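[1] Mind looking at a prediction? Sequence and model below.
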Amino acid sequence: MEKLIFLDRDGVINMDPGPGLYVTKWEEFQFLPGAINAIRRLNKEGYEIAIISNQAGVAKGLYTMDILDQITRNMVCEIEKRGGRIRSTHYCPHVDNDNCDCRKPKTGLFKTAIQGLTVNFKDTFFIGDGITDIKAGKDIGAKTIMVLSGKTSLKDRAQWDVEPDYIAQDLRDAVERIVLKEIAKGAKTEWKISLKS
């Protein structure tokens, strides 16, 4: 059985560019503090990592699949330079009206990511920064962790129509808790988090 963790990209690994905006070239890509170290820590603990990300900017004509591939290669290269490893990356380039199977909260990207692997979703995590991530993770049967380093704030909680299993400040915080087995104790919990906007 594979030890696999799914990560969203923008707002989890790199800075989210803001509402309605996209990372359209490598020069706009900025790793979040501690993100690469967190990925390396997961790898050290035996976890494989698959990135699952909506990238509708392709369908909107803001950047091409070639540019997205270039951003991905550079991202993976920088992570590898620091001792981390990404097993695979999976993107949905569509918009909602395309009615595809891969755009989160649908689960098509997860099914693509696990091809050739033996995965028990009950033992996996999906770490994301948006409610669509949480919905997708729950629909596939994974444990869900909402990080507050991207598009979502606790101030928005009244509008959430689904609750994550756990809330963490950022990827570094989430990984620390996973590694320390605090999640495995079975109790739903919210870790100490900053309420700064």
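    Structure received.
[2] Kindly export the helix or strand encompassing Asp66 (C-alpha atoms) in CSV.
    Assigned by DSSP states H and E, Asp66 falls within helix 65-81. Provided in CSV are the C-alpha atoms of helix 65-81 (Å, rounded to 0.1, in the frame of the first residue of the first chain):
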residue,chain,number,x,y,z
MET,A,65,-0.2,24.3,-21.4
ASP,A,66,3.4,24.7,-22.5
ILE,A,67,3.9,27.5,-20.1
LEU,A,68,2.2,25.6,-17.3
ASP,A,69,4.5,22.6,-18.0
GLN,A,70,7.5,25.0,-17.8
ILE,A,71,6.3,26.4,-14.5
THR,A,72,5.9,22.8,-13.3
ARG,A,73,9.4,21.7,-14.4
ASN,A,74,11.0,24.7,-12.7
MET,A,75,9.0,24.1,-9.5
VAL,A,76,9.9,20.4,-9.4
CYS,A,77,13.5,21.2,-10.1
GLU,A,78,13.7,23.7,-7.3
ILE,A,79,12.1,21.2,-4.9
GLU,A,80,14.6,18.5,-6.0
LYS,A,81,17.5,20.9,-5.5
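[3] so what secondary structure elements neighbour whatever helix or strand comes next after that helix?
    Counting by DSSP H and E, the next helix or strand C-terminal to helix 65-81 is strand 88-92. Applying 3 or more Cβ pairs under 8 Å, 6 or more residues apart in numbering; DSSP states H and E, one finds that strand 88-92 makes contact with strand 48-54, helix 65-81, helix 108-113. Bear in mind the C-beta positions are built from the backbone N, C-alpha and C, glycine included.
[4] quick one: low-confidence parts of the protein?
    Applying pLDDT under 70 to the chain picks out residues 182, 184-197.
[5] any idea which residue sits dead centre in it?
    Nearest to the geometric centre of the chain sits Asp8, at 1.7 Å (Cα atoms, centre = their mean).
[6] So what does that one have for phi and psi?
    phi -70, psi 170 (degrees, to the nearest 10).
[7] I'd assumed Ile52 was in contact with it.
    Yes. Using Cβ atoms under 8 Å, Asp8 is in contact with Ile52, at 6.4 Å.
[8] Quick check: neighbours shared by the two?
    Here Asp8 and Ile52 have Phe126 as joint contacts, going by Cβ atoms under 8 Å, 6 or more residues apart in numbering.
[9] and Gly18, which of the three is it?
    Under DSSP: H, G, I helix; E, B strand; the rest coil, the three-state class of Gly18 is coil.
[10] measure it to Phe31 for me?
    Distance of Gly18 to Phe31, computed by Cβ to Cβ, to the nearest Å: 17 Å.
[11] For the two, indicate the residue with more neighbours.
    A count of neighbours by other Cβ atoms under 10 Å puts Phe31 above the other of Gly18 and Phe31, at 16 against 9.
[12] If that one is in a bridge, with which residues?
    For Phe31, the beta-bridge partners are Asn14 (DSSP bridges).
[13] Much appreciated, bye for now.
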